[in-house]
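A.B. asks: got a structure for you, letters missing:
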């Protein structure tokens, strides 16, 4: 298996490349931008006292990689013969490999073709997916990989640490509205809880870029435009409209362009950072940078005159 292809889409096209794979006989997907490479299943070193979903670890390209068995996570059969594949990804400077049955290939789709799944979907598991891609003959469930990792209590930390929130939020009008756009129910709550702890009282939540954009457009021409659009915190990959497209729509509008847009995503790496800059994002943060996001947000709020 070779390394992934580079993304070739222009900023704001609302398109993605989805790695299409099987776990058991069910179809799932992951944004190819999250994938480092795909390798054949290899012998692993077990981890004592680890949850059963964590199969073990191995060394790859001088990195320690932890393997999560999606067959067990999703209750989709097993790979008893060890003939499956490992999808190697980087999350917050951690290398995680997801054990799957096989890979079908890459699907090129528009985010407008991705629908929000029910809150309880796969085998009664809440929020196991962030979107559903409907192809001509089947559906692909896009998994919430950050939630899977956190549910296993492994490595990802989204807590607000070592911040005096009363200090960074001084002299801020707590009634200014912060818009949070995040398709993962889990991560949406993480951001909202952090804002509430910092004293923000007016938070508007959306789970896809299109609904957020519809609301933002409605604020145009209103006397409280700046107060109702104090700042936007957005994920990048979302059903209906991605964060880059949302950012570009805001920044291309003469009335809205002064609204700070902060991107908060697991896809903040060199290539995607360039796309965010091209779209006009004011700042970009990886999932591990929740503290930095809050500090930057309040810096922008202090500079804005309402």
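C.D. replies: Yes, it's here. As the structure is a computational prediction, the values presented were derived from the model and not from experiment.

A.B. asks: And stretch 48-60, what's buried?
C.D. replies: Of the residues in stretch 48-60, those with enough neighbours to count as buried (16 or more other C-beta atoms under 10 Å) are 50, 53, 54, 55, 57, 58, 60. Just so you know, the C-beta spots here come from the backbone N, C-alpha and C atoms, and that holds for glycine as well.

A.B. asks: Would you format these as CSV with secondary structure included?
C.D. replies: As requested, those are arranged in CSV below (DSSP: H, G, I helix; E, B strand; the rest coil):
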residue, secondary structure
50, coil
53, coil
54, strand
55, strand
57, strand
58, strand
60, strand
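
A.B. asks: Need the max-distance pair from the residues you listed.
C.D. replies: Using C-beta to C-beta, the pair of these lying farthest apart is 53 and 60, separated by 19.6 Å.

A.B. asks: looking at it, residue 64 is touching residue 95, isn't it?
C.D. replies: Yes - in this structure residue 64 lies within contact range of residue 95 using C-beta atoms under 8 Å: 6.8 Å.

A.B. asks: out of the two, which sits in the more crowded spot?
C.D. replies: When residue 64 and residue 95 are compared for neighbours, residue 95 comes out ahead with 19 against 11, by other C-beta atoms under 10 Å.

A.B. asks: Quick one: find the helix or strand in the protein with the lowest mean pLDDT.
C.D. replies: The helix or strand of the chain with the poorest confidence is strand 120-122; it has a mean of 44 (mean pLDDT, DSSP states H and E).

A.B. asks: Within the helices and strands, which one has residue 77?
C.D. replies: Following DSSP states H and E, one finds residue 77 outside all helices and strands.

A.B. asks: List phi and psi for it.
C.D. replies: Backbone geometry at residue 77, expressed as degrees, to the nearest 10, gives phi 70, psi -150.

A.B. asks: so what's it up against?
C.D. replies: Contact partners of residue 77, counting by C-beta atoms under 8 Å, 6 or more residues apart in numbering, are 23, 24, 25, 71, 101.

A.B. asks: Using CSV, lay out the residues you listed together with distance to residue 152, neighbour count and pLDDT.
C.D. replies: Putting the contacts of residue 77 into CSV (distance: C-beta to C-beta, whole Å; neighbours: other C-beta atoms under 10 Å; pLDDT from 0 to 100) gives the following:
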residue, distance to residue 152, neighbour count, pLDDT
23, 16, 26, 96
24, 19, 16, 94
25, 24, 8, 92
71, 14, 20, 95
101, 20, 21, 96
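
A.B. asks: Go through those residues and name the one nearest residue 228.
C.D. replies: Among the contacts of residue 77, residue 23 lies closest to residue 228 (C-beta to C-beta), at 42.9 Å.

A.B. asks: So in terms of bridging, what pairs with that closest one?
C.D. replies: Note on residue 23: beta-bridge partners by DSSP bridges are residue 26.

A.B. asks: Which element, helix or strand, includes residue 21?
C.D. replies: strand 15-23.

A.B. asks: Can you list the helices and strands that that strand packs against?
C.D. replies: strand 26-31, helix 70-74, strand 85-91, strand 94-100, strand 102-110, strand 139-143 (3 or more C-beta pairs under 8 Å, 6 or more residues apart in numbering; DSSP states H and E).

A.B. asks: So which residues make contact with it?
C.D. replies: Applying C-beta under 8 Å, 6+ apart, the external contacts of strand 15-23 come out as 4-5, 7, 9, 27-33, 35, 38, 70-71, 74, 76-77, 85, 87, 100-111, 133, 140, 142, 237, 242.
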